[in-house]
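Q: what follows is a protein structure lacking sequence information:
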Ligand SMILES: Nc1ncnc2c1ncn2[C@@H]1O[C@H](COP(=O)(O)OP(=O)(O)O)[C@@H](O)[C@H]1O
Ligand code: SF4
Ligand SMILES: [Mg+2]
């Protein structure tokens, strides 16, 4: 047996089974990947795409962004990583949408898909749509927008704040230069002087005491909290409609965390924009968000308003999260004290992904992936516990 | 940083001392020394006796080959070296410093031109390969770079000589001037052009040997930088891929590039021993190889100390340039 395994070089653990890849499998995967990647890359590189091809209509005019059945996969050497696997949710105008879930559940990839910043060529949006409503009332289908058009949306209408303030600024350019760059790029009629004025104004807006001084400093001369303020100032400088904050406070210590969150909230009021706040910290969600999306292994398992999620969680995973919600704030994932492992995104089971960790799992749960059940106009969860068709069936007798 | 530089300098001096002692010892222990080489024919034909040879050795300071004797003559050498006098070359009959200053320039010219070519070819190719990682371009460039780096210089030289000098007859085979043509003494331009003509093949060899390294180095560093968080930030700002690559990424890749390339500068004076010899170009490398074969100890020592000093200078320049290009490193 051991001898046979020489040819099976890579082991991929799933919940139900363990797969091995032979050399032949690897070659097949790599060949298929090349084909798929070439197809998508060619689509994206098209020039002079007529506008009609990527203009669309919003389902609800109050939304800034609508994700619908989004699938973003990575075609890696060991197989297809289904990082985002059918995600649908809305970001309404002027609201903060919190996206919560364990590390690796696809939060960042979801937001990067919206920016067309998924790491190409392995990472590709393979299905679904992301609709974005711009200031001028036009709606764009982000998955089809050509690259050059996307450059005009990125950093201007939608801007992003990242998790690591220590490494997210370019170490060899001064703060001022990096800030001016965005303004000069996106705003018409800006001169270096007026850009500098704008940048300094932005630095002041985010609560930096001596903006002129910080303006001419290098990133390494600032603390983590300061750098995150600079990132926020940069994100704000072109009056974005939507700010994506991907774990903006995870790398900061507790007091700074609170300040940065406070700042984000103030700013949202000022610019009347929306914020997509990604975090694995439920405390942050409770304080900040209007709407909550709970993700698990590339899918949304529950979504609703903050009240609904915190007061009447439905999905066993969300219920578990609420139970394990710590009183203090931690900076790592240990707050998810639900036992067991997230399934490997390459080897996903055919049934509910939470099955192996769920304390209420039933026989039906081994059937097809549970559908989203609606509890209120805003509250949804994907779990067989609430499936009426199941309750009316023979399982009802057992309960 | 200043303290660090001083420490590096101190360390370099210690290494120089150790290396010089070792080279001195090895040169003295060579089985046939300069006098043996020069007198073997006369000795065999009976024109000289063993006593004559010994007297000569005495004169040249090569008689006493005991450890104590070597140590004594090493110290004598060290003293005069420290005072700036590298001694008299046995073979060339001139002060070593004179020989060095006469022959380094041609070596430097060849090396410098190939260095410039290596930069202007290697860096853009490395960037392009990194931007289109795993593409056909990337693979092709990598394979050629590897071939250039892996081929021994004498082989590459012989190959080019065979094709371009012998078969096609486009370029001269060897040497620095055309021996069969007599130029008017004031035909400076023709003389210069003739020299340049002779240098095309050696420069090509040196460039081919080194351009792969520069290209690979650029590619590796670019790939690392392109994966960093601040590049994602630059893209998220809406900057075009061109600005992201050539401004944000390349400015960071320049840190290791400038550091390593500037460190090579002094070494350009050191000569390319094998290539110069194959092409019979009277550069410093060629002279040094001849001197080494003949056991010309003052020249061997002088040349090696010169190389070592160049290496130290390269190290210091590279440290200083690191400070210049990376704002995170400061002198204080
Ligand atoms: N560049 C990539 N190549 C391959 N897999 C990736 C890549 N980026 C992310 N993934 C995978 O996608 C999944 C989701 O990642 P991510 O969205 O970063 O998680 P998180 O919720 O922590 O932000 C993870 O399983 C991760 O391994
Ligand atoms: S569907 Fe079944 S296994 Fe999945 S969360 Fe609901 S009860 Fe648990
Ligand atoms: Mg993330």
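A: That came through fine. Everything quoted here is computed from the prediction, not taken from an experiment. Numbers count the residues shown, from 1 in each chain, chains lettered A, B, ... in the order given. Ligands and ions are numbered 1, 2, ... in the order given.

Q: how close does the residue nearest to residue B:221 when sequence neighbours are not counted get to residue B:227?
A: Closest residue to residue B:221 apart from its sequence neighbours, by CB to CB, 6 or more residues apart in numbering or on different chains: residue B:253 at 4.6 Å. C-beta coordinates here come from the backbone N, C-alpha and C atoms, glycine included. Using CB to CB, to the nearest Å, residue B:253 is found at 12 Å from residue B:227.

Q: pick out whichever of the two has more residues nearby.
A: Set residue B:253 next to residue B:227 and count neighbours by other CB atoms under 10 Å in any protein chain shown: residue B:253 wins out with 24 against 11.

Q: report the separation between that one and chain A.
A: As defined by CB to the nearest CB, to the nearest Å, residue B:253 lies at a distance of 10 Å from chain A.

Q: list the contacts of that residue.
A: B:127, B:218, B:221-222, B:225 (CB atoms under 8 Å, 6 or more residues apart in numbering or on different chains).

Q: the same query, at a cut-off of 10 Å, please.
A: Going by CB atoms under 10 Å, 6 or more residues apart in numbering or on different chains, residue B:253 touches B:123, B:126-127, B:130, B:217-226, B:245.

Q: so which helix or strand takes in it?
A: helix B:250-264 (DSSP states H and E).

Q: one more: residue A:263?
A: Going by DSSP H and E, residue A:263 is part of helix A:254-271.

Q: does that helix come close to chain B?
A: No: Helix A:254-271 does not reach chain B (CB under 10 Å from any CB of the partner chain); its nearest approach is 16.8 Å.

Q: for that helix, name the packing helices and strands.
A: Packing contacts for helix A:254-271, counted by 3 or more CB pairs under 10 Å, 6 or more residues apart in numbering or on different chains; DSSP states H and E, involve strand A:96-100, helix A:192-205, helix A:224-236, strand A:242-246, strand A:274-279, helix A:282-288.

Q: where do the helices of chain B begin and end?
A: B:2-28, B:34-45, B:50-60, B:67-82, B:96-131, B:136-150, B:153-160, B:188-226, B:229-236, B:241-243, B:250-264, B:273-278, B:284-294, B:297-325 (DSSP state H).

Q: which helices and strands sit right next to the longest one?
A: The helices and strands touching helix B:188-226, judged by 3+ CB pairs under 10 Å, 6+ apart, are helix B:96-131, helix B:136-150, helix B:153-160, helix B:250-264, helix B:273-278.

Q: is it fair to say residue A:70 lies in a helix?
A: No: read with DSSP: H, G, I helix; E, B strand; the rest coil, residue A:70 is strand and lies in no helix.

Q: to ligand 2, which of the helices and strands packed on helix A:254-271 lies closest?
A: Closest approach to ligand 2 among the helices and strands packed on helix A:254-271 is made by strand A:96-100 (16.3 Å; CB to the nearest ligand atom).

Q: partner strands of the closest one, parallel or antiparallel?
A: The pairing partners recorded for strand A:96-100 under DSSP bridges are strand A:274-279 (parallel), strand A:291-296 (parallel).

Q: average pLDDT for the first one?
A: pLDDT averaged over strand A:274-279 equals 93, rounded to a whole number.

Q: now the residue lying closest to residue A:376 once chain neighbours are set aside: how far from residue B:8?
A: Among residues not flanking residue A:376 along the chain, residue A:308 sits closest, at 6.5 Å (CB to CB, 6+ apart). Distance of residue A:308 to residue B:8, computed by CB to CB: 65 Å.

Q: now what about stretch A:12-21, what contacts it?
A: A:4-5, A:7-11, A:25, A:27-29, A:77-79, A:297, A:340-351, A:353-357, A:366.

Q: would you turn the strands paired with strand A:96-100 into CSV with mean neighbour count?
A: CSV is the format used below for the strands paired with strand A:96-100 (neighbours: other CB atoms under 10 Å in any protein chain shown):
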stretch, mean neighbour count
strand A:274-279, 26
strand A:291-296, 25
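
Q: any idea which of those gets closest to residue A:222?
A: Residue A:222 sits nearest to strand A:274-279 of all the strands paired with strand A:96-100, at 23.0 Å, using CB to CB.

Q: burial measure for the residue lying closest to residue A:299 once chain neighbours are set aside, as a count.
A: When the adjacent residues along the chain are set aside, residue A:299 lies closest to residue A:85, with 5.4 Å between them (CB to CB, 6+ apart). Neighbourhood size, residue A:85 [other CB under 10 Å]: 23.

Q: host element of residue A:85?
A: strand A:79-92.

Q: quick one: strands adjacent to that strand?
A: Neighbouring strands of strand A:79-92 in its sheet, by DSSP bridges, are strand A:63-76 (antiparallel).

Q: quick check: phi and psi at residue A:119.
A: phi -60, psi 100 (degrees, to the nearest 10).

Q: measure it to ligand 2 for me?
A: Residue A:119 sits 30 Å away from ligand 2, going by CB to the nearest ligand atom, to the nearest Å.

Q: helix, strand, or coil at the residue in the stretch 251-399 of chain A positioned nearest to ligand 1?
A: Closest residue of the stretch 251-399 of chain A to ligand 1, CB to the nearest ligand atom: residue A:345 (4.5 Å). Secondary structure state of residue A:345, per three-state DSSP, is coil.

Q: who in chain A is up against ligand 1?
A: Selection of chain A residues close to ligand 1 by CB under 6 Å from any ligand atom yields A:74, A:76, A:81, A:83, A:101, A:103-109, A:119, A:122-123, A:345.

Q: taking those together, which two end up most distant?
A: Greatest spacing in the residues of chain A next to ligand 1, by CB to CB: A:101 and A:122 (21.9 Å).

Q: neighbour count: those two, which is higher?
A: residue A:101 (25 against 16).

Q: domain ranges for chain B?
A: The record's domain split for chain B, according to automatic domain parsing, is B:2-82, B:96-325.

Q: between the contacts of residue B:253, which has the most around it?
A: Among the contacts of residue B:253, residue B:126 has the most neighbours (other CB under 10 Å), with 27 neighbours.
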